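Engineer: Sharing a model that was predicted from the sequence below.
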Amino acid sequence: MIQKNVNFIDINKPKKLHNKTLKTEDGVIEKESVVVRFSGDSGDGMQLTGTQFTDTTAFLGKDISTFPEFPAEIRAPAGTIAGVSGFQVHFGSKEIYTAGDEYDVLVAMNAAALKSDIGNLKKGGIIITNTAGFDSKNLRLAEYPEGVNPLEDDSLSEYEVYKVNITSLTKEALKETGLSNKELERSKNMFVLGMLYWIFDQSPDYTINFINEKFSKSPELAKANILAIKSGINFGETTEIFNTRFKINASPQPPGTYRSITGNNAIAIALISASEISGLPLFLGSYPITPASDILHELSKYKHSGVRTFQAEDEIAAICSAIGASYGGSLSVTTTSGPGMSLKTEALGLATILELPLVVINIQRGGPSTGLPTKTEQSDLLQAMYGRHGECPLPILAPCSPSDCFETVYEACKLTVEHMTPVIVLSDGYIANGSEPWKFPTAKDLPKIKSEFTDKPNSNDGTFLPYKRDENFVRPRVKPGTKGLEHRIGGLEKANETGDISYEPHNHELMVNLRQAKVDKIADSIPEIKIDTGSEDSDLLVLGWGSTYGSIKTAVLELINEGYNISHIHLRHMNPFPKNLGMLLMKFKNILIPEINNGQLIKIIRDKYLVPAIGLNKIQGLPFTTSEIKNKILEILNKK
Amino acid sequence: MNETTNLPVLEKLTYKDFAPDQDVKWCPGCGDYSILKQVQGIFPELGKRKEEFVFISGIGCSSRFPYYMDTYGMHSIHGRATAIAAGLKASRPDLDIWIVTGDGDAMSIGGNHLIHTLRKNFNLNILMFNNEIYGLTKGQYSPTSHVGLVTKSTPFGSIDEPFNPAELALGAKSTFFARSLDRDPKHMKEILLEAHDHKGTSFVEIYQNCPVFNDGTFFIYSEKGTKKEESLYLEEGKPLIFGENNSKGIKFDGFKPVVVDLTDGKNSVNDLWIHDKRDRIKATILASFANGNNGTHLPRPFGIFYSIDKPTYEETMLHQIEEVTNKKGKPKLDDILSGDKTWVIA
């Protein structure tokens, strides 16, 4: 029987996690954390504004988590709700794990942005609008009823609304620059950024540097953009229209050097790192697909690191070219998303039976089919586990945050090379595009990767046996071009050790079992799972995987601080599972598995450990909010 | 320069060095045996070490080929040999890579990979055994089967317009196209050597008899009695002559090729079309001979239709890497890890 740890609450005196609000002397409100949502038309530059605000904030030592959200259409009709592009950033002086359920500040550049995003604005929250985006045409496109303008009726009375004609103020401020009307209009996002820097008491220096670099070849544009930012700041300072300013202190993050990183960029850097540490040349075979293409873009910039990127004719050729390069001795990778993954599965069967190293990275998105290409989902886990023909087990890893993409993908590279098996990495749209501060490692901190090629026969009679295994059931790797070891490999079942074609019934069963044993044996090379938050002796365990980490962690921390005795475990190793997972799960009488799918990990957990886990499922293309998880936990605890 | 280098002396190889101890398991009488023999025959002449060769194949009768060559090899999946070879060549330009494929493997399930490999122009050799039938799956019509062919999947005759492999290759910007046939070992040997010499993707269509499911399809081009009238052997810089006692030739009537009699005194050898393998327009017209269009019966050309020099994909890729590296220098891993913008928390 599990005893409730009555001392738990006394020992860990709950520290208040709720937003502290202090009014300081100069009228600036000090807050622990704030969520800002930049929202505008796809052409309004909200992603750039959000990224710059985020990088500046991180640069000033605050912890951050972001959630960019954009339409699948490159340019949906301007002014419509379909065309709204949003960027949400949560930052604070405490540790931040999610982009926030609700926002404190909404920047709405037009009527459609206001209509689309007001739902998640906190009651009493701040709205900053560009009044130029609320003319009759904009209101009509945003589908407000004839004659209704939310800025002019009392529908926004429970919020603090600031109406600023950002467009005309920007044009006025930049009229001497000689820029065209269109260019002036496009600078309005920098004016917004300036206002926000004033409201949050942040220096614009980081962005000014960025602009100077970005427009180094057109100094007149750099000058205009900088002027727009400064005008935004001056506007805040001189007009005194804003009642509220905020001060968020730096977060007590561990000392060290940090950078900001998105999940997809972390993947690219991990691949280059693994290539350099293993000494294996990096080859990426890929085909453009949202939301994975950024990895291809980023790696393509690293030609001078010797990276070979190959944009193949289709998803199948992408993985096949990677198999070819792996056969030749490269560290080979293919990157994709759901529909592409489906196309690659035949070739994954080949890579599995050939027993060649290959990292397959699936940035999951809403499916099936084209589904929700720019939205997040965790719905390819069962595909990764079971979605191939034949008995075809593969190791699967899942990163839990943007910076964790680095460690997870680096580990995938290590496993694939050291265990001679393809490895699948399941990231998703949320962490692929989201960013956070990253205390990056140095090259000498990185784990070694054992990469060996054989150049000698491995049998007593002097022949080479390509499928003779070591104690981990791993076969030798040979580079074509190695004298005396010429041999053939292929998709047909092979005789044990020799690799010759074999249709012998018992041999097939043996080979199936050997390939399974090789994957199972990886459990010896991965760390045991530890409780992330809470204790081993609690009323409820939340078991998560992948990008739900932040929401679960925040929910569990908040409930612990409210006095509940609950815990959180987060899986990176989806196959094989850490060896102690089963024993650990047995200790909890309630297990909750939240997933952004219709219940996939829960099936595997119930099947493998026969535990009565409960699912929490959301399939809206959005991450969990903290309160959704908290409510479910409370519902379970209160039922008992 | 009279520099003496320390290049290792190449071992003298014979065809036996390329024959592994595996039993060859094609049907008795299959055209593949002849092709295998010619390939094993020319390999010692290529001036390479045995371990430098790699055979990549897909699925089908022809694709068993790698098992019968004692080199490095991969018998992969249906249609994908070209895509696998592309990745191998891009990462290992030093290897001498041969793709063995069939009409179904290359032109149906692997059609997309074939056209893109051709246009990218890796230095690879593609041998497409064309028997106008699916053999390994026991006799269905293929993308090169002629209209009306009765097979297991077309009991009332095929209704598909077939591909003309030469036209497809030229349309896909192939830099080398040649045709040979299983029953002419001497010609095939010459073509294989030329294909290997060509720097770029060499696409060789080899007419190959399937004695079980499509017997005799190409016999008119190889058997006594019809061969001289029906086949035309291309020689660089020479007029297009064929027929019994070289009695016929091809000349241009505008852009239209016409057969002329060289014995009736109306036309002489000097009036004939001179073969130029660098001429894309002529190659395109040669490719169209197999279409039998305009009611004109033309002999089937064999030999090198088209061959031009163009930088290979892997050369260009390496060149770009070199150029960028020279310009920017090789970055340190620590600099990549840190990126441009960092901040310190004390």
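Structural biologist: Noted; the coordinates are in hand.
Engineer: Now do the same contact list for the closest residue in space to B:Asp105 that isn't next to it in sequence.
Structural biologist: Once flanking residues are discounted, B:Asp105 sits nearest to B:Gly58: 4.2 Å by CB to CB, 6 or more residues apart in numbering or on different chains. Every residue, glycine included, has its C-beta placed from N, CA and C. Residues near B:Gly58 by CB atoms under 8 Å, 6 or more residues apart in numbering or on different chains: B:76-81, B:101-102, B:105-106, B:109-110.
Engineer: Local confidence estimate at B:Gly58?
Structural biologist: You'll see B:Gly58 listed with a pLDDT of 97.
Engineer: sorry, back to before: Throw the contacts of B:Gly58 into TSV and include secondary structure, thanks.
Structural biologist: Formatted as TSV, the contacts of B:Gly58 follow (DSSP: H, G, I helix; E, B strand; the rest coil):
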residue	secondary structure
B:Ser76	coil
B:Ile77	coil
B:His78	coil
B:Gly79	coil
B:Arg80	coil
B:Ala81	helix
B:Thr101	strand
B:Gly102	strand
B:Asp105	helix
B:Ala106	helix
B:Ile109	helix
B:Gly110	coil
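Engineer: mind giving me JSON lines with those and columns for neighbour count and pLDDT?
Structural biologist: Converted to JSON lines, those look like this (neighbours: other CB atoms under 10 Å in any protein chain shown; pLDDT from 0 to 100):
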{"residue": "B:Ser76", "neighbour count": "29", "pLDDT": "98"}
{"residue": "B:Ile77", "neighbour count": "26", "pLDDT": "97"}
{"residue": "B:His78", "neighbour count": "18", "pLDDT": "98"}
{"residue": "B:Gly79", "neighbour count": "27", "pLDDT": "98"}
{"residue": "B:Arg80", "neighbour count": "30", "pLDDT": "98"}
{"residue": "B:Ala81", "neighbour count": "34", "pLDDT": "98"}
{"residue": "B:Thr101", "neighbour count": "29", "pLDDT": "98"}
{"residue": "B:Gly102", "neighbour count": "33", "pLDDT": "97"}
{"residue": "B:Asp105", "neighbour count": "32", "pLDDT": "97"}
{"residue": "B:Ala106", "neighbour count": "34", "pLDDT": "98"}
{"residue": "B:Ile109", "neighbour count": "18", "pLDDT": "98"}
{"residue": "B:Gly110", "neighbour count": "29", "pLDDT": "98"}
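Engineer: Export only the CA atoms of the helix or strand A:Ile569 falls within, formatted as CSV.
Structural biologist: Per DSSP states H and E, A:Ile569 falls inside strand A:566-571. The C-alpha coordinates for strand A:566-571 follow below in CSV (Å, rounded to 0.1, in the frame of the first residue of the first chain):
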residue,chain,number,x,y,z
ILE,A,566,1.6,14.7,-7.1
SER,A,567,4.6,13.9,-9.4
HIS,A,568,5.7,14.3,-13.0
ILE,A,569,7.8,11.9,-15.1
HIS,A,570,8.8,12.9,-18.6
LEU,A,571,9.9,10.4,-21.2
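Engineer: can you list the residues that contact it?
Structural biologist: A:398, A:400, A:529-536, A:538-545, A:549, A:552-553, A:556, A:559-560, A:577-578, A:581, A:584, A:588, A:601, A:633, A:637.
Engineer: just checking, what packs against the helix or strand encompassing A:Gln47?
Structural biologist: Assigning secondary structure by DSSP H and E places A:Gln47 in helix A:46-59. Applying 3 or more CB pairs under 8 Å, 6 or more residues apart in numbering or on different chains; DSSP states H and E, one finds that helix A:46-59 contacts strand A:33-41, strand A:63-69, strand A:84-92, helix A:188-199, helix A:205-214, strand A:256-262, strand A:435-438.
Engineer: Among the contacts of strand A:566-571, name the buried ones.
Structural biologist: Buried subset of the contacts of strand A:566-571 (neighbour count, 16 or more other CB atoms under 10 Å in any protein chain shown): A:398, A:400, A:529, A:531-534, A:538-545, A:549, A:552-553, A:556, A:559-560, A:577-578, A:581, A:584, A:588, A:601, A:633, A:637.
Engineer: pLDDT on the strand holding A:Ile569, on average?
Structural biologist: 98.
Engineer: Quick check: next helix or strand after it?
Structural biologist: strand A:573-575.
Engineer: List the neighbouring strands of that next one plus their orientation.
Structural biologist: Using DSSP bridges, strand A:573-575 pairs in its sheet with strand A:396-397 (antiparallel).
Engineer: what's the helix or strand that the strand it pairs with is followed by packed up against?
Structural biologist: Tracing the chain past strand A:396-397, the next element assigned as helix or strand by DSSP H and E is helix A:404-419. Here helix A:404-419 touches helix A:263-278, strand A:331-336, strand A:358-364, strand A:396-397, strand A:422-428, helix A:429-433, helix A:505-521, going by 3+ CB pairs under 8 Å, 6+ apart.
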